[in-house]
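Trainee: Turn this into a structure:
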Amino acid sequence: MAAATQVLGLDLANPVVVGSGLLTDQERNIRKLLTTGAGAVVTKTIHPNPPAGLDERIIRLPTGMINSTTYSKRSVSHWMDILRGLARDRLPVIASLHADTPAELAELAARAAAAGSRALELGISCLNEEDGLHDTPERVHAYTEATRAAVRVPFSVKLASGEGLHDRAFAAARAGADAVTISDTLPAAVVHPETGDLRLGGVFGYSGPGIKPLVLASLWQLRRTGFTLPVLASGGVQSGRDVHDYLGVGAVAAQVYTALHTDMYLTLARIVTETAGPGSTGRGAGPVTEAGRSERVRS
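Mentor: The predicted structure is shown next:
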């Protein structure tokens with residue numbers, strides 16, 4: 001079996017975590033992903049006031065996809081019922097949360113914790129929202145600090161790789177985050193071959209294999225500057241090799257999502273099996289501790 005690990009206080013059978021998205025918007029999918037072998041599953045992001053009227057679509061590319069999706073359209077009350085059921089069964093599920101203000105996010109986090117959620121992920125960096133392209137350390141600090149004041153359960157702050165990541169990650173750490181997730185989707189566009197216009201009507205989030213080298217570089221650079229919080233890596237995981245690449249540069253776990261849009265359960269089972277395969281330990285930059293640092297990576 002793949003090496004067991006601990007993430008956000010959860011004991012995981014392996015470091016393969018299914019990331020937040022449309023595929024984790026239903027309880028039955030969450031449960032089946034876990035029985036298929038996922039170490040943990042992150043829910044679709046729960047939001048008390050998801051944007052109305054947005055045309056949510058996905059464009060598949062040869063190397064990943066662009067999506068204009070934002071948050072779950074299910075009500076908070078509906079999600080609290082789901083979280084209570086998952087908590088009763090002691091399943092390793094991480095509730096993804098966001099809200100329009102730090103105070104609202106703090107209130108939502110308190111509700112999720114009261115429903116039994118043992119770990120949270122703050123999905124505050126969705127670039128498909130208007131302010132997602134203008135994230136700042138101050139904004140990250142405000143959301144993180146408010147949530148920390150409201151709950152004692154461990155939580156990760158999901159950030160997008162790119163300019164200013166160092167300052168945003170350290171802002172989350174200073175405000176009380178237990179971990180960070182890197183990376184959210186990155187800005188991308190596709191041109192319609194006939195009209196020359198941007199498909200989907202603008203710039204939206206890209207995920208897939210093309211993001212992996214960028215996330216690897218971001219994580220390596222963060223560790224070099226002394227960032228010691230645990231990091232859940234997210235971006236372009238298609239195989240067990242990808243998981244171990246992330247562990248090798250200092251992640252405690254690797255999230256997989258986009259690859260699961262093709263043969264979801266079969267793909268997940270393959271990645272988990274490959275992660276546990278021969279030579280699955282002792283590769284990369286060295287063993288990763290709960291503190292999130294590779295033993296061979298020096299700040």
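Trainee: ranges for the helices of this protein?
Mentor: Shown for the chain, the helices assigned by DSSP state H span residues 27-36, 76-88, 102-114, 137-150, 165-174, 212-224, 240-248, 264-275.
Trainee: tell me the average confidence for the shortest one?
Mentor: Meaning helix 240-248. Averaged over helix 240-248, pLDDT sits at 98.
Trainee: same for that helix, what does it pack against?
Mentor: helix 212-224, strand 253-256, helix 264-275 (3 or more Cβ pairs under 8 Å, 6 or more residues apart in numbering; DSSP states H and E). Placement of C-beta: from N, CA and C, glycine included.
Trainee: Buried residues, it. List them.
Mentor: 240, 242-248 (16 or more other Cβ atoms under 10 Å).
Trainee: Likewise for the first one?
Mentor: The neighbour-count criterion (16+ other Cβ under 10 Å) identifies 27, 29-31, 33-34 as the buried residues of helix 27-36.
Trainee: where does the stretch 101-250 of the chain dip in pLDDT?
Mentor: The stretch 101-250 of the chain contains residues with pLDDT under 70 at 127-134.
Trainee: Contacts for stretch 45-59 next, please.
Mentor: If you take Cβ atoms under 8 Å, 6 or more residues apart in numbering as the criterion, stretch 45-59 is touched by 20, 22, 65-74, 76, 79, 95-100, 104, 108, 112, 123, 126, 128-129, 190, 199-201, 261.
Trainee: which of those residues are buried?
Mentor: Looks like the contacts of stretch 45-59 have 20, 65-72, 74, 76, 79, 95-99, 104, 108, 112, 123, 126, 128-129, 199-200, 261 buried, using 16+ other Cβ under 10 Å.
Trainee: if we can go back for a sec, and residue 153, which of the helices and strands packed on helix 240-248 is closest to it?
Mentor: Among those, the nearest to residue 153 by Cβ to Cβ is strand 253-256 (17.2 Å).
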